[in-house]
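# Could you work out the structure for the sequence below:
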Amino acid sequence: MSFIADHGLWSEDQQCLASEVSARVAAEGIETIRLVFVDLHGITRGKTLLAGSLAGAFGEGCAITSTLLLKDTSHRTVVPVFAAGAGIGDADLQGGGDVIMVPDPATFRVLPWATSTGWILCDLYHKDGRPVASSTRGLARRAVDRLAARGYDYVSGLEVEFYLTRLDDPILRPEDAGQPGRPPQVSLLHGGYNYLTEQLYDQIEPMVDVLRAACVALGLPLHSMEVEFGPSQCEFVFRAGSGLGPADDMVLFRSMAKQVARRHGYHVSFMCRPQLPEAMASGWHLHQSLRDRVSGANAFAPADGADGLSLVGQQFLAGLLAGAAAATPFSTPTINGYKRYRPNSLAPDRLAWAEDNRGALLRVLARGSPALRRIENRVGEPAANPYLYLASQMETGLAGIEAALVPPPSVDSPYAAAATLLPRSLESALDLLDASALLRGAFGDGFVDHFLLIKRAEVARYNQTVTDWEHREYFDLF
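Residues are numbered from 1 along each chain as shown. Model (predicted):
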């Protein structure tokens with residue numbers, strides 16, 4: 001027996017897939033395997049094994065230090081992990097011992113940009129076989145399972161905006177290192193504002209086509225590539241998938257885009273609002289619906305084919321709206337992301353829904369083909385942890401179904417509606433999450449307290465930092 005078998009961590013399908021992966025690694029001469037997991041921030045971390053070590057990982061998993069779950073976005077461990085009573089949300093992480101990465105063979109890919117290299121997503125477990133509370137992929141899987149128990153599959157599609165720039169200077173001198181280090185210097189690939197024009201698309205097409213080819217080679221369900229409004233801003237749109245699939249795809253896409261661009265002398269950033277002149281904020285628009293597990297039909301469409309949302313669709317919409325403010329730290333987890341919520345900006349600024357209006361938080365598409373009935377949530381930033389973003393949607397939407405909530409009336413003018421404003425800072429959003437009985441019940445107190453610990457440490461570090469704005473505002477005046 002082995003760790004994975006002893007604790008029943010793989011399904012029969014995963015056991016069969018593991019054998020297929022092992023055979024493929026041998027047949028294709030793959031030399032190294034990257035085992036990665038997704039941390040609290042959605043960043044992939046892990047180890048690279050020689051192909052000969054894969055069999056061991058498929059039996060015993062792969063140990064990795066638990067301090068990786070206690071770092072903020074500067075990669076600083078935010079608590080004195082080696083001291084007793086440090087206030088760590090998950091007490092099992094005290095002391096910085098190992099947790100076990102368990103590969104999911106269903107996620108195996110061969111990386112087209114790296115020589116003879118495979119890639120596998122992992123889930124995290126303690127040495128006694130318990131899931132690690134702060135393993136976000138596991139949280140999303142549990143949300144998928146709860147919807148399945150109600151008879152539904154969660155279906156979602158991704159629209160992801162990002163900045164694609166030329167890398168002029170990577171800023172790698174010794175004095176530039178730090179936590180965080182100085183960011184690279186870049187230049188634009190297009191001047192912006194000519195939204196969706198073929199001319200600008202042709203200017204960026206050489207590098208965009210490299211990213212397209214990598215998406216295709218990885219099996220990512222890419223639908224379209226677009227020139228966005230801001231200077232050197234792009235958007236990739238993906239076809240809808242179900243369950244964990246779109247979250248896994250987002251993890252792989254972001255990792256691929258940054259690595260491939262860097263190898264070609266470019267820089268990709270999923271930061272919401274970069275400090276570039278005239279930059280526009282980037283969003284992550286999440287299209288979502290439910291599929292009936294018995295009939296396969298879109299559960300958001302009325303049975304008679306009429307326009308509008310079904311009763312289940314309306315309840316899910318009401319749940320999304322009711323839980324949106326407290327769930328904002330999961331869709332918008334960075335300090336920078338809250339600078340996107342501005343009136344008349346194609347980003348939402350308050351808790352309202354509308355039919356086919358891109359100024360609303362929730363844009364409902366409920367006319368035409370029943371198969372395409374869906375809700376587009378426009379709240380997210382592209383830096384969000386995909387598992388937490390999708391899980392927050394599933395949990396709040398499911399809560400709306402279980403409570404038979406009724407959505408408020410739609411609005412005609414989203415930026416003028418008499419509705420509660422979205423949180424204006426990560427700090428205020430974290431307080432709403434802290435007080436949310438719904439999300440604490442869905443994610444567990446242990447996870448929520450752990451998440452709050454890490455993100456509040458990040459906010460505290462920001463609040464103690466003297467910014468360019470402060471120096472410019474006050475240094476000469478006073």
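# only C-alpha atoms for contact and neighbour calcs from this point on.
OK.
# At which residues are the strands of the stretch 251-400 of the chain located?
Shown for the stretch 251-400 of the chain, the strands assigned by DSSP state E, counting those that start in this stretch span residues 266-269, 284-292, 353-355, 362-365, 374-380.
# ok, the first one: who's next to it in the sheet?
Yep, that's strand 266-269 we're talking about. strand 152-169 (antiparallel) (DSSP bridges).
# Flag every buried residue along the partner strand.
In terms of neighbour count (16 or more other Cα atoms under 10 Å), strand 152-169 has its buried residues at 152-167.
# middle-most residue in the protein, spatially?
Compute the mean C-alpha point of the chain, and by Cα atoms, centre = their mean the closest residue is residue 386, 2.2 Å away.
# I figured that residue was touching residue 43, is that so?
No: using Cα atoms under 8 Å, residue 386 makes no contact with residue 43, being 10.1 Å away.
# Let me see the domain layout of the protein.
Following automatic domain parsing, one finds the domains of the chain at 3-134, 143-436.
# Please convert these to JSON lines, extending it with distance to residue 446 and mean pLDDT.
Below are the domains of the chain laid out as JSON lines (distance: least, Cα to Cα, whole Å; pLDDT from 0 to 100):
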{"stretch": "domain 3-134", "distance to residue 446": "6", "mean pLDDT": "93"}
{"stretch": "domain 143-436", "distance to residue 446": "12", "mean pLDDT": "95"}
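# about what we covered before: select, out of the strands of the stretch 251-400 of the chain, the one closest to residue 109.
strand 266-269 (21.4 Å; Cα to Cα).
# Give me the contacts around the closest one.
Residues outside strand 266-269 that contact it (Cα atoms under 8 Å, 6 or more residues apart in numbering): 162-167, 186, 257-258, 261-262.
# That strand: how far from the chain's middle?
Relative to its parent chain, strand 266-269 has a centroid offset of 18 Å by Cα atoms, centre = their mean, to the nearest Å.
# Pull the number of nearby residues for residue 50.
12 (other Cα atoms under 10 Å).
# Thought residue 29 was touching it, still the case?
No: if you go by Cα under 8 Å, residue 50 and residue 29 don't touch, sitting 11.4 Å apart.
# sorry, back to before: list residues touching both of residue 386 and residue 43?
Contacts common to residue 386 and residue 43, judged by Cα under 8 Å, 6+ apart, are residue 251.
# My reading is that residue 33 lies in a helix. Confirm?
No: under DSSP: H, G, I helix; E, B strand; the rest coil, residue 33 falls outside any helix and is assigned strand.
# ok, now how distant is the closest residue in space to it that isn't next to it in sequence from residue 54?
Excluding the flanking residues, the one nearest residue 33 by Cα to Cα, 6 or more residues apart in numbering is residue 118, at 4.5 Å. Distance of residue 118 to residue 54, given as Cα to Cα, to the nearest Å: 10 Å.
# shared neighbours, those two?
With Cα under 8 Å, 6+ apart, residue 118 and residue 54 have common neighbours residue 33.
# contacting residues for the residue lying closest to residue 458 once chain neighbours are set aside?
Spatially, and ignoring its direct neighbours in sequence, residue 458 is nearest to residue 72 (6.0 Å; Cα to Cα, 6+ apart). By Cα under 8 Å, 6+ apart, the contact set of residue 72 is 41, 78, 454-455, 457-458.
# can you give me the helices in the stretch 101-250 of the chain?
136-149, 198-218, 245-263 (DSSP state H, counting those that start in this stretch).
# Okay, buried residues for the shortest one please.
Neighbour counts using 16+ other Cα under 10 Å place 136-140, 142-148 of helix 136-149 among the buried residues.
# So what's the gap between that helix and the chain middle?
15 Å.
# Need the domains of the chain in CSV (columns: distance to residue 442).
Converted to CSV, the domains of the chain look like this (distance: least, Cα to Cα, whole Å):
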stretch, distance to residue 442
domain 3-134, 12
domain 143-436, 7
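# Highest mean neighbour count out of the ones you listed?
Of all those, domain 143-436 has the most neighbours on average by mean count of other Cα atoms under 10 Å, namely a mean of 20.
# which residues does the closest residue to residue 261 other than its chain neighbours bridge with?
In this structure, residue 261 finds its nearest non-sequential neighbour in residue 267, 5.6 Å apart by Cα to Cα, 6+ apart. Counting by DSSP bridges, residue 267 is bridged to residue 165.
# if I look at residue 267, how far off is residue 433?
For residue 267, the distance to residue 433 (Cα to Cα) stands at 33 Å.
# measure residue 76 to residue 47 for me?
Residue 76 is 19 Å from residue 47, by Cα to Cα.
# Just the local confidence number for residue 475, please.
The score at residue 475 is 82. That number is its pLDDT.
# Now do it against residue 103, distance only.
For residue 475, the distance to residue 103 (Cα to Cα) stands at 53 Å.
# and what of residue 34?
10 Å.
# cool, and residue 22?
Distance from residue 22 to residue 103, by Cα to Cα: 12 Å.
# again with residue 234
Taking Cα to Cα, one finds residue 234 at 32 Å from residue 103.
# Residue 71 too?
As defined by Cα to Cα, residue 71 lies at a distance of 22 Å from residue 103.
# what does residue 206 give?
Taken as Cα to Cα, the span from residue 206 to residue 103 is 35 Å.
# Could you do residue 462 as well?
35 Å.
# Over to residue 397?
Separation of residue 397 from residue 103 (Cα to Cα) stands at 30 Å.
# Then residue 61?
The gap separating residue 61 from residue 103 is 7 Å, by Cα to Cα.
# go on, residue 366?
39 Å.
# Repeat that for residue 10.
Remark: distance between residue 10 and residue 103 (Cα to Cα) = 9 Å.
# Show me whatever sits in contact with both of those two.
Overlap of the contact sets of residue 10 and residue 103 (by Cα under 8 Å, 6+ apart) is empty.
# Check the contact lists of residue 34 and residue 103 and give me the overlap.
residue 120.
# and residue 457, that's in a strand?
No: according to three-state DSSP, the state of residue 457 is helix, so it is not within a strand.
# circling back to that earlier point, determine which two of the contacts of strand 266-269 are furthest apart.
Greatest spatial distance among the contacts of strand 266-269 (Cα to Cα): 186 and 257, at 16.0 Å.
# Now do the end-to-end distance for stretch 271-287.
OK, stretch 271-287 end separation, Cα to Cα: 21 Å.
# and what of stretch 299-310?
Start-to-end span of stretch 299-310 (Cα to Cα) is 7 Å.
# re earlier: of the buried residues of strand 152-169, which is the nearest to residue 401?
Once Cα to Cα is applied, the member of these that ends up nearest residue 401 is residue 152, at 11.4 Å.
# pretty sure that closest one contacts residue 295?
No: at 10.2 Å, residue 152 does not count as touching residue 295 under the criterion of Cα under 8 Å.
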